[in-house]
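Undergrad: could you look at this predicted model? Sequence included:
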Amino acid sequence: SLPGPRSSANDQAGSICEQALQFRRLAARPLLKPSALGPASSNEFKPSMTPAQERAQHARVVDWQQTAVSRSPFVKFMLQHMDKCGCKVDNEKFFVVRHCDENVGGGFDEQASKHGGVVLCSNHLRDFKHTEQTLTHELIHAYDHCRAYVDWSNCVHHACSEIRAASLSGDCKWWQEVQRGHFKFKGQGSECVRRRATLSVSMNPACQAPGQAAEAVDKAFKRCYADTAPFDRVP
């Protein structure tokens with residue numbers, strides 16, 4: 001089921017936090033919840049690098065992350081709204097840049113701190129724009145984790161946050177889909193959100209039975225696709 005709000009000491013009457021999805025946390029999800037990120041498929045991520053190239057790439061991604069946190073309107077907006085919901089984060093601890101074996105750009109780690117944490121995969125991020133989009137995507141998950149009781153091992157709960165992240169982060173912008181070879185004048189955005197949310201949920205070890213991820217996305221789609229918090233509408 002998809003349900004209403006986690007209370008916060010910082011909530012004001014009528015605040016966006018009081019319009020939250022309500023989830024019940026029953027169990028923890030895997031340490032890194034990978035997301036289906038980036039405008040390309042996994043085989044287009046960076047190939048293996050030498051140790052020197054890894055160090056240089058790590059430094060670049062740290063710089064991109066710090067620049068995004070200080071200058072990106074979307075990243076700053078998400079962090080501000082987490083703060084409003086009572087989840088102010090320590091940037092030094094909340095964001096982690098590391099090598100990832102998973103073929104993803106990043107993930108949300110709910111166990112990293114009180115408010116979780118965002119992992120950026122230095123060996124899979126191509127440039128600043130890719131890093132910014134990955135941060136925005138993962139911050140949608142962090143925001144949902146902040147405002148609601150989320151059971152990340154519940155496929156429908158996970159699907160809801162993935163639907164919102166795919167819709168609100170820019171993952172499914174028209175030009176992104178054209179680059180992936182998906183071209184439609186009508187319904188392209190919602191189809192993209194469904195496809196990418198299903199792919200992400202299927203990476204969850206609790207949701208890998210045949211058809212389980214797609215079924216979870218179907219159950220969550222109508223309500224969660226319409227939920228644009230903390231934005232007034234899809235950016």
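TA: Now that the structure is in, tell me what you want to look at.

Undergrad: which stretches in the chain count as strands?
TA: 33-34, 95-98, 106-108, 118-121 (DSSP state E).

Undergrad: mean confidence for the second one?
TA: Average pLDDT, strand 95-98: 95.

Undergrad: pull the CA atoms of it into PDB?
TA: Extracted as PDB, the C-alpha positions of strand 95-98 are listed here (Å, rounded to 0.1, in the frame of the first residue of the first chain):
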ATOM      1  CA  PHE A  95      28.000  12.700  -0.100                       C
ATOM      2  CA  VAL A  96      30.500   9.900  -0.800                       C
ATOM      3  CA  VAL A  97      32.500   9.600  -4.000                       C
ATOM      4  CA  ARG A  98      33.900   6.100  -4.600                       C
END
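
Undergrad: flag every buried residue along it.
TA: Phe95, Val96, Val97 (16 or more other C-beta atoms under 10 Å). Every C-beta, even on glycine, is put in place using the N, C-alpha and C of the backbone.

Undergrad: tell me which of the residues you listed is nearest to Tyr225?
TA: Phe95 (27.7 Å; C-beta to C-beta).

Undergrad: mind listing what that closest one touches?
TA: Residues in contact with Phe95 (C-beta atoms under 8 Å, 6 or more residues apart in numbering) are Gln65, Val69, Gly117, Val118, Leu120, Leu135.

Undergrad: my guess is the second one contacts Glu92, does it?
TA: No: with contacts defined as C-beta atoms under 8 Å, Val69 does not count as touching Glu92, sitting 10.4 Å away.

Undergrad: more neighbours: which of these two?
TA: Val69 (17 against 7; other C-beta atoms under 10 Å).

Undergrad: per-residue confidence at the more buried one?
TA: pLDDT, Val69: 97.

Undergrad: now swap in Pro235 and tell me
TA: Per the predicted model, pLDDT is 84 at Pro235.

Undergrad: below-threshold pLDDT in this structure: ranges please.
TA: Low-confidence segments of the chain, defined by pLDDT under 70, span residues 1-47, 173-189.

Undergrad: in it, which spans are helices?
TA: 51-71, 73-84, 91-94, 128-147, 155-168, 174-179, 188-202, 212-226 (DSSP state H).

Undergrad: for Asn103, find the nearest of those helices.
TA: helix 188-202 (11.3 Å).

Undergrad: what helices or strands is that closest one leaning on?
TA: helix 155-168, helix 174-179, helix 212-226 (3 or more C-beta pairs under 8 Å, 6 or more residues apart in numbering; DSSP states H and E).

Undergrad: out of those, which is the most enclosed?
TA: Greatest average neighbour count among the helices and strands packed on helix 188-202 goes to helix 155-168 (a mean of 27), per mean count of other C-beta atoms under 10 Å.

Undergrad: between the strands of the chain, which gets nearest to Met203?
TA: Using C-beta to C-beta, the strands of the chain put strand 33-34 closest to Met203, at 5.2 Å.
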